[in-house]
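*Asks:* show me how the following folds:
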Amino acid sequence: MRDAILVKEKLTFYLDLGKGRQGRRPAFLVSPAGPLLLALAQKSFAWHKSTLARLGLSRGNRESTMPIATTPTRDITIETHVFWLRFRKEIAAAVIILLLAIVGFGAFRFYADRQDIAGATLLASAKTIQDYQQVIAHYPNTPAGAGAYLLLADRQRADKKLGDANATLQAFVNKNPDHELATTARMAIANNLDSMGKTDEALAMYQQIATGFPKSFSAPLALISRVHLLKVKNRPDEARLACETILTQYRDSFWAREAAQELRFLKPSAPSSSISTPASGPAGQSAAPPSLLVRPPMPAPSAAPTAKSQ
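*Replies:* Numbers count the residues shown, from 1 in each chain. Prediction:
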């Protein structure tokens, strides 16, 4: 392509020499060596013309064109095949792991369903303390096992084994802290503590339920139970505060009416006499503060000397 361009430039130059610019004869034709140069130019023109024909350049196609780079096409089939050959081991391992995970999850669900059914069947036939303990021992992580804790605690309370009942309820709470009956189990513990005469511990448990689970249905019940114990211990101010909490935070609950009735009969404790009443005189009359505008009393005159002193 470069040789063709050079040939074209030379040919143009010689044509210009032969014909002249704008119809005028060039200066070299006027000189004595002009005919010789013209003959040489004609021979060169014939040579260049044959060279152009041999290179495939015609008179109408003398303009050179720049080559255009073509974008290689992509074969999706070949690329997919290459990708599979490079990563076939990794792909096979991932597929095997996925299949094993699916099979394992299905086996676990099947086992869990079988456990739930067997535990519910055994719990339905349980009647004694030993039966409930057997359900807890064999099916601890099933809904039947959680229900067995509560039924066992109820049976122990019926047998006057309040300590054992509280231990069972506490085990249920520790194992199932987010269970929907966890607050109910705590209420049962507080009730058992009250029955055992441990009033202070029962009050602390009721307060823990009310503050720790304010959105539960047991919160207003814990507060009203606390009111009854505070009345027995002659602490009316704390009882009134519990009633007011029920009326403000749980006004739509069942216990709001009972709290209003209790609040009507609860009188605030009398203030301390040293703070609210002024000091009384010896005759039971209150001593009025001395006025700053009254002259203070003059000291009494000394007694007249006796005859012995004279």
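
*Asks:* wouldn't P143 be in contact with A120 here?
*Replies:* Yes: in terms of CB atoms under 8 Å, P143 counts as a neighbour of A120; the distance is 7.4 Å. C-betas here are computed from N, CA, C, even on glycine.

*Asks:* got phi/psi on K267?
*Replies:* The phi and psi torsions at K267 (degrees, to the nearest 10) take the values phi -100, psi 140.

*Asks:* for the closest residue to G145 other than its chain neighbours, give me the pLDDT.
*Replies:* The shortest distance from G145 to any residue other than its chain neighbours is 4.6 Å, reached at Y139 (CB to CB, 6 or more residues apart in numbering). On the pLDDT scale, Y139 is placed at 90.

*Asks:* Y139: how many residues sit nearby?
*Replies:* Residues lying near Y139 (other CB atoms under 10 Å) number 21.

*Asks:* and if you look at F217?
*Replies:* F217: 14 neighbours (other CB under 10 Å).

*Asks:* need the mean per-residue confidence for stretch 101-120.
*Replies:* Mean predicted confidence for stretch 101-120 is 91.

*Asks:* quick one: buried residues of it?
*Replies:* For stretch 101-120, burial by neighbour count (16 or more other CB atoms under 10 Å) applies to 115-116, 119.

*Asks:* now do stretch 181-198
*Replies:* Applying a neighbour-count criterion of 16+ other CB under 10 Å, one finds 181-194, 198 buried in stretch 181-198.

*Asks:* ditto for stretch 217-237
*Replies:* Across stretch 217-237, burial judged by 16+ other CB under 10 Å covers 218-227, 229-230, 236.

*Asks:* with stretch 240-251 instead?
*Replies:* By 16+ other CB under 10 Å, the buried positions in stretch 240-251 come out as 240-243, 245-247, 250.

*Asks:* tell me the confidence at the residue lying closest to N176 once chain neighbours are set aside?
*Replies:* Distance criterion CB to CB, 6+ apart; nearest residue to N176, sequence neighbours excluded, is A146 at 5.4 Å. As predicted, A146 sits at a pLDDT of 90.

*Asks:* just the element for A146, please.
*Replies:* Using DSSP states H and E, A146 sits in helix 143-158.

*Asks:* distance of the residue lying closest to A210 once chain neighbours are set aside relative to A93?
*Replies:* Spatially, and ignoring its direct neighbours in sequence, A210 is nearest to A222 (4.6 Å; CB to CB, 6+ apart). A222 sits 56 Å away from A93, taking CB to CB, to the nearest Å as the criterion.

*Asks:* swap in A137?
*Replies:* Separation of A137 from A93 (CB to CB): 42 Å.

*Asks:* ok, D194 next?
*Replies:* In terms of CB to CB, D194 sits 63 Å off from A93.

*Asks:* swap in Y132?
*Replies:* Here the distance between Y132 and A93 works out to 48 Å (CB to CB).

*Asks:* between these two, which one's more packed in?
*Replies:* With neighbours defined as other CB under 10 Å, Y132 and A93 compare such that Y132 has more, 25 against 10.

*Asks:* dump the residue contacts of that one.
*Replies:* Residues in contact with Y132, defined by CB atoms under 8 Å, 6 or more residues apart in numbering, are 123, 126, 148-149, 151-152, 155.

*Asks:* next, format the buried residues of stretch 240-251 as JSON lines and append distance to L98 and pLDDT.
*Replies:* Shown next, in JSON lines, are the buried residues of stretch 240-251 (distance: CB to CB, whole Å; pLDDT from 0 to 100):
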{"residue": "R240", "distance to L98": "64", "pLDDT": "91"}
{"residue": "L241", "distance to L98": "60", "pLDDT": "92"}
{"residue": "A242", "distance to L98": "58", "pLDDT": "90"}
{"residue": "C243", "distance to L98": "61", "pLDDT": "91"}
{"residue": "T245", "distance to L98": "55", "pLDDT": "91"}
{"residue": "I246", "distance to L98": "55", "pLDDT": "91"}
{"residue": "L247", "distance to L98": "59", "pLDDT": "92"}
{"residue": "Y250", "distance to L98": "51", "pLDDT": "90"}
